[in-house]
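*Asks:* build me a structure from this.
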Amino acid sequence: MRIKLTLLFAILCLNSLAQEPDCPKFRMAMDSGNYYMSIKPTPNYDIALIKFQTAQIAARECNIVIKDSANDPAIKLKEVFKGLQAQRDDAFKQRNRANAALKLAEQKTNDVTSLYWASESEKLIPVQGMRLLEKAYANTKDTNAVRTIKEKTENNFNGSTTHQYLAKFLLQNVDNVNFSPNGKWMVTGNFDSTAKVWELPGGKQHDFLKDEKNISDISFSPDSKWMVTRNQDYTVVKVWELPGGKQHDFLKDEKNFNRIDFSSDSKWMVTSNTGNTAKVWELPGEKQPDF
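*Replies:* Numbers count the residues shown, from 1 in each chain. The predicted model follows:
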């Protein structure tokens, strides 16, 4: 009898040792993690991650040997990481779709704007209308809009005259424009401080200023026969006779100009310098009276 009781006690002890120790913190963390993993339609992986990490720590503290994979926090953490990655991938896809939709909406807006500009171009003078059509063309990729813009561009050009587009060409990269009193001459000052002379209305270019640099100011005599060019500090002043472009050098030794004026009949020119000294010149002989 004593032997049987001893064996029974030994068996009960072995069963007790084989059972996992009770650890409420582990069980609560695992149950909570499983709950947040089961939420539909979108599991809360962030909180589940914290819960399973807590369960993992509790298992070490309670010396629990995990035998069931369903209660293994390490396996649960792998499922959480997989779910988080899937959520991030889906978020990236949604963001890309949103960006694509935004770009499409922006392009549709540009297409509508380009068509509006094309319509408004017909209300402008041909050169201005062409500039608006160029802007509209660069603003759209829609084939129908491009076709409409090309048609209006063709109509614009056919309804215009050559000199209007020549004027557009002449005024590219131009900083300032000067016209002679009779409207026959136009001088364009460029951003590189050079100047060009054009005969109107044909647009013929005269090249007698091609070697001149740093031109900052241009003036004409009342009869448009004489043209004066000056550099930025007024140290170089030159007189040109139109239409041939002949340069008269009678001012080459004069310095420190601050003003040049012509008489109303264009026969006399007066120069004054910073020393308040004035000189009178007779044109075209360039004679300087001694009065």
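
*Asks:* where along the stretch 101-250 of the chain do the strands fall?
*Replies:* When secondary structure is read from DSSP state E, counting those that start in this stretch, the stretch 101-250 of the chain shows strands at 174-179, 185-190, 195-199, 204-206, 215-220, 226-231, 237-241, 246-248.

*Asks:* which strands border the last one, and is each parallel or antiparallel?
*Replies:* Right, the one you point to is strand 246-248. Strand 246-248 has the following strand partners under DSSP bridges: strand 237-241 (antiparallel).

*Asks:* ok, and what's touching the partner strand?
*Replies:* 208-209, 212, 225-231, 246-251, 254, 257, 260, 269, 271, 284 (C-beta atoms under 8 Å, 6 or more residues apart in numbering). For the C-beta atoms, the positions are set from N, CA and C on the backbone; glycine is no exception.

*Asks:* give the other helices and strands that the helix of greatest length in the chain contacts.
*Replies:* Secondary structure of the chain per DSSP state H: the longest helix is helix 73-120. With contacts taken as 3 or more C-beta pairs under 8 Å, 6 or more residues apart in numbering; DSSP states H and E, helix 73-120 sits against helix 24-37, helix 45-61, helix 126-139, helix 143-158.

*Asks:* alpha carbons only: can I get the first one in PDB?
*Replies:* Only the C-alpha atoms of helix 24-37 are listed here, as PDB (Å, rounded to 0.1, in the frame of the first residue of the first chain):
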ATOM      1  CA  PRO A  24      -1.600  36.000 -16.200                       C
ATOM      2  CA  LYS A  25       0.500  38.800 -17.900                       C
ATOM      3  CA  PHE A  26       1.500  36.400 -20.700                       C
ATOM      4  CA  ARG A  27      -2.100  35.200 -21.300                       C
ATOM      5  CA  MET A  28      -3.500  38.700 -21.200                       C
ATOM      6  CA  ALA A  29      -1.000  40.000 -23.700                       C
ATOM      7  CA  MET A  30      -1.500  37.100 -26.100                       C
ATOM      8  CA  ASP A  31      -5.300  37.400 -25.900                       C
ATOM      9  CA  SER A  32      -5.100  41.200 -26.500                       C
ATOM     10  CA  GLY A  33      -2.700  40.800 -29.400                       C
ATOM     11  CA  ASN A  34      -5.000  38.200 -31.000                       C
ATOM     12  CA  TYR A  35      -7.900  40.500 -30.600                       C
ATOM     13  CA  TYR A  36      -6.300  43.400 -32.400                       C
ATOM     14  CA  MET A  37      -5.100  41.000 -35.100                       C
END
